[in-house]
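# Can you look at this prediction? I've put the sequence above it.
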Amino acid sequence: MKIISSWQLASSGYALTVHNQDATERLPREFFGRPATEVAPDLLGCVLWHASPAGLVAARLVEVEAYRGALDPASHSYRGRTARNAVMFGPPGHAYVYFTYGMHYCVNLVCQPAGLPEAVLIRAGAVVAGADLARRRRYGLADADGSAKASGARNGRQRERDLARGPGRLCQALGIDRSLDGADACVPGGPIGISPPEAFGQAEAGSGAIRVGPRVGISRAADLPWRYWLAGDDHVSAYKALPPREPQPKPVSDRAAEDGTMHG
DNA sequence: TGCTCGATTACCT
DNA sequence: GGTAATCGAGCAA
């Protein structure tokens, strides 16, 4: 295996050697064989790419979240293995893609050795290659030039920022769906991969300040600070916290009338 | 078998 | 800021 580059990630001191067996550098599997809370900040600045028959789209990662399996009530794998989350229980470096809200896909990268179902959710990125294809996927053929003529008040600059801002948008821009569930991001020749920042001419990871805070849109374990993002980057998604979910009482017909109040 | 909820987004006011 | 869209997973009965 040809070693083409080596550097040290600023956030954790994790020494990384990148190997090259095909056209694009990939982070090695051992990079992902660690707790998700260690992998997540190290992914910031790195580049997720998907090479499909239509072309290659790549995004520099600016926002991620760690999900820690049995340790984490908000993790899909918290309650054990199911058909949907089976990939999380497998070896590290694979993509776990799931479908949510009836219309969106979200992509995770599996961490830890097989049997420890941890993963890092990719929440947002900045498109650094294949922007034309990304625009077509996001806004359609007529809007591939990035103009805002089709709808509403969104201007071109906002559209560029929003190409991969949010987990659903990122998957749409990169053309990621359930067909890529289980895809190996570390194997040479595979359709998806994670590359170090320098592979796409980006600044080194850790060159900007990494911020840490609570995760977005979850109701369980919402206080855990397992969301990581690059401070001041426009491509980070808007933070929206959910109120803590309280156990719902059994629906008893008389109960609502007795209570009277909808919310405490 | 049926129901509820969700690691979201786009559009409208 | 509010809400509709939309459907699969998971749970309860």
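Received the coordinates, thanks. Note that this is a predicted model, so its numbers are computed, not measured.
# Quick check: closest non-adjacent residue to the residue in the stretch 51-200 of chain A positioned nearest to DNA strand B.
Residue nearest to DNA strand B within the stretch 51-200 of chain A: A:Gly166 (2.2 Å; C-beta to the nearest atom of the strand). Any C-beta I mention is one placed from the backbone N, CA and C, and that applies to glycine too. Once flanking residues are discounted, A:Gly166 sits nearest to A:Ser237: 4.6 Å by C-beta to C-beta, 6 or more residues apart in numbering.
# residues in contact with the residue of the stretch 51-200 of chain A closest to DNA strand B?
Counting by C-beta atoms under 8 Å, 6 or more residues apart in numbering, A:Gly166 touches A:123-124, A:237.
# any chance of those in TSV, with distance to DNA strand B, pLDDT and neighbour count too?
Below are the contacts of A:Gly166 laid out as TSV (distance: C-beta to the nearest atom of the strand, whole Å; pLDDT from 0 to 100; neighbours: other C-beta atoms under 10 Å):
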residue	distance to DNA strand B	pLDDT	neighbour count
A:Arg123	7	96	27
A:Ala124	8	96	28
A:Ser237	6	90	22
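# In helices, which of these fall?
Taking DSSP state H, every one of these sits outside helices.
# What values do phi and psi take at the residue of the stretch 51-200 of chain A closest to DNA strand B?
phi 120, psi 150 (degrees, to the nearest 10).
# ditto for A:Ala126
Residue torsions, per degrees, to the nearest 10, at A:Ala126 are phi -110, psi 120.
# residue contacts, it?
Taking C-beta under 8 Å, 6+ apart as the test, what A:Ala126 contacts is A:59-60, A:62, A:163-164, A:233, A:235.
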